[in-house]
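Q: Sequence first, then the predicted structure, then my questions.
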Amino acid sequence: MKSVNNAIIEDSDAIYMAQLNGHGGIMPITANSIASNERPFWVHLDYRKPKSDQWINQTELLPPIAKDVLLAENVRPKAQRIGEGVIINLQTINNNPDDRPDELIAYRIYINGQMIISSRHRRVNSVDSVIHSLEVGDGPENSGSWLITMADAVTDEIGDFVETLHDQLIELEDMILDQQIPARGELALLRKQLIVLRRYMAPQRDVFSRLSIEKLPWMSDSDRISLVEISERLSRRLEDLDSSISRTAVIADEITSMMADAMNRRTYTMSLMAMLFLPTTFLTGLFGVNLGGIPGNEFPYGFAIFCFSLFFLIVIVAWWLKRSRWL
């Protein structure tokens with residue numbers, strides 16, 4: 001394999017660039033630095049930077065298919081082996097300010113024994129956590145352990161978001177039990193986030209599962225076992241997502257039922273009010289024809305007696321409705 005030194009990567013305009021020291025920490029890449037299986041280089045790029053874009057297209061460190069993936073705008077989770085290296089695309093949670101978490105971030109990786117090249121546009125919190133672990137001397141020691149650490153960090157970030165969605169789901173269920181209807185669009189947003197996450201996490205689980213069976217020379221058996229555990233952990237999260245999606249369907253049915261019941265109650269109340277005043281409406285219409293011969297037309301207390309009669313009639317109708325258990 002061609003040796004990798006500082007001259008090959010110095011024009012990459014990297015966001016972060018360091019050499020793993022083989023003991024869980026990092027050391028700066030200098031003019032005398034040479035990448036090896038024990039001390040690989042890590043170059044982290046923003047693929048939308050012009051210099052980084054140009055470097056990815058021109059470097060001899062990357063096979064053509066890896067260049068396409070590292071520069072792609074939208075790529076679903078996948079892994080493809082290329083010789084002793086592998087190109088990986090992962091999706092993780094968008095925790096950037098003013099962005100929605102379900103607008104997932106694509107994080108692309110080309111990795112072999114001597115070199116780790118990753119690219120993204122929006123900030124990835126999982127990368128920051130791995131950088132921090134390296135800076136304090138508690139990070140990965142080589143390419144294999146770096147991949148495990150990064151996969152573990154991404155999966156933890158996804159797990160935290162799934163827990164957040166689960167808490168929101170419980171709040172909605174509590175509102176339904178209290179006969180309260182959630183705000184308009186709240187359930188739809190939650191359901192969308194669950195479905196989007198389910199769509200991308202299923203192939204991502206398959207990525208980790210596939211990597212665990214690849215006989216890559218720079219990955220140890222313990223690394224493969226760790227990838228199996230990460231894949232199983234993500235599978236449990238997928239089961240939680242499936243369960244949550246089903247629960248949102250139940251909540252939607254309950255909301256529809258509550259709204260239908262509320263409408264039925266209002267319609268029933270208006271029907272009872274119409275029935276209650278139906279006899280009085282008939283009488284007032286009859287006595288309002290303004291024709292001769294209306295009883296009590298010249299009697300001074302005729303209007304008062306008529307009003308009292310209407311009130312008495314309303315009481316009688318109300319009593320009958322109550323006795324009939326309509327009220």
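A: Here it is on my side, so go on. Because the structure is predicted, anything quoted here is derived from the model rather than measured.
Q: pretty sure A35 contacts Q19?
A: Yes - under the criterion of Cβ atoms under 8 Å, A35 makes contact with Q19 at 6.9 Å. C-beta coordinates here come from the backbone N, C-alpha and C atoms, glycine included.
Q: quick one: which of the two has more around it?
A: Between A35 and Q19, counted using other Cβ atoms under 10 Å, A35 has the larger neighbour count: 26 against 21.
Q: gap between the more buried one and P97?
A: Going from A35 to P97 by Cβ to Cβ, to the nearest Å gives 35 Å.
Q: and if you look at Y301?
A: Remark: distance between Y301 and P97 (Cβ to Cβ) = 78 Å.
Q: So the two - more neighbours on which side?
A: Set Y301 next to P97 and count neighbours by other Cβ under 10 Å: Y301 wins out with 9 against 5.
Q: That one and G285, how far apart?
A: 22 Å.
Q: what do you get for I111?
A: Going from I111 to G285 by Cβ to Cβ gives 88 Å.
Q: and these two? which has more neighbours close in?
A: Counted by other Cβ under 10 Å, I111 and G285 do not tie: I111 has more neighbours, with 25 against 9.
Q: right, and the more buried one touches L147 too?
A: Yes - look at I111 against L147 with Cβ under 8 Å: they come within range, at 6.0 Å.
Q: what sits in contact with each of those two?
A: I88 (Cβ atoms under 8 Å, 6 or more residues apart in numbering).
Q: quick one, helices of this protein?
A: Counting by DSSP state H, the chain has helices at residues 6-9, 50-58, 64-71, 125-135, 143-177, 186-211, 221-287, 302-323.
Q: Arrange those helices in JSON lines, one row each, with mean pLDDT and distance to M115 as further columns.
A: JSON lines is the format used below for these (pLDDT from 0 to 100; distance: least, Cβ to Cβ, whole Å):
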{"stretch": "helix 6-9", "mean pLDDT": "71", "distance to M115": "9"}
{"stretch": "helix 50-58", "mean pLDDT": "91", "distance to M115": "13"}
{"stretch": "helix 64-71", "mean pLDDT": "90", "distance to M115": "11"}
{"stretch": "helix 125-135", "mean pLDDT": "92", "distance to M115": "16"}
{"stretch": "helix 143-177", "mean pLDDT": "93", "distance to M115": "8"}
{"stretch": "helix 186-211", "mean pLDDT": "92", "distance to M115": "17"}
{"stretch": "helix 221-287", "mean pLDDT": "88", "distance to M115": "17"}
{"stretch": "helix 302-323", "mean pLDDT": "81", "distance to M115": "84"}
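Q: Cheers, nothing more for now.
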